[in-house]
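In: need a 3D model of the following:
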Amino acid sequence: MAQEPKMIATIPRSATEQLQISINEYKGKSYLDLRIFYTTDDGATWLPTKKGVTCAPENIEILKDAVEEAMKEFMSVDEQEA
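Out: Residues are numbered from 1 along each chain as shown. As a prediction, this is how the structure comes out:
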C-alpha cells in the first residue's frame, strides 16, 4: 500500500493556488513532487492539478545546485539594484 505524501513545504501563489512540495510514492518508488494545488472552498480542501514535476532521488542534487545558482543570480541582481 502506498504511503501518504510527506509534505516538505507549501508556497502560496494566490488565494486559490499553492505549490506543494512533498515526497510522494508512485509504483513503489519515492519521488520529490512539486505540484500546483487549487482550492474552491477558501482553503478547506486543496486538490492537485496536472501542473507539476516529479524528481527522482538521484536527480535531487542537480535540482539543489540549480536552485542555489538561481539564488546567486537573484542576489546579484538585488545588489545591483540597491
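In: going by C-alpha atoms from here, please, whenever you check contacts or count neighbours.
Out: OK.
In: how about residues contacting the worst-scoring helix or strand of the chain on mean pLDDT?
Out: Sorting the helices and strands of the chain by mean pLDDT, DSSP states H and E puts helix 60-81 at the bottom, at a mean of 88. Contacts with helix 60-81, where a contact means CA atoms under 8 Å, 6 or more residues apart in numbering, come from residue 32.
In: next one: that helix to chain centre, how far?
Out: Helix 60-81 has its C-alpha centroid displaced from the chain centroid by 16 Å (CA atoms, centre = their mean, to the nearest Å).
In: can you check stretch 43-62 too?
Out: That offset, for stretch 43-62, works out to 5 Å (CA atoms, centre = their mean).
In: and it, how far apart are its ends?
Out: 33 Å (CA to CA, to the nearest Å).
In: over to residue 58: give its phi and psi.
Out: With angles defined as degrees, to the nearest 10, residue 58 sits at phi -70, psi -10.
In: now do it, the pLDDT please.
Out: Here, the pLDDT recorded for residue 58 equals 97.
In: was I right to think residue 30 contacts residue 57?
Out: Yes - shown here, residue 30 and residue 57 form a contact pair, counting by CA atoms under 8 Å, at 7.4 Å.
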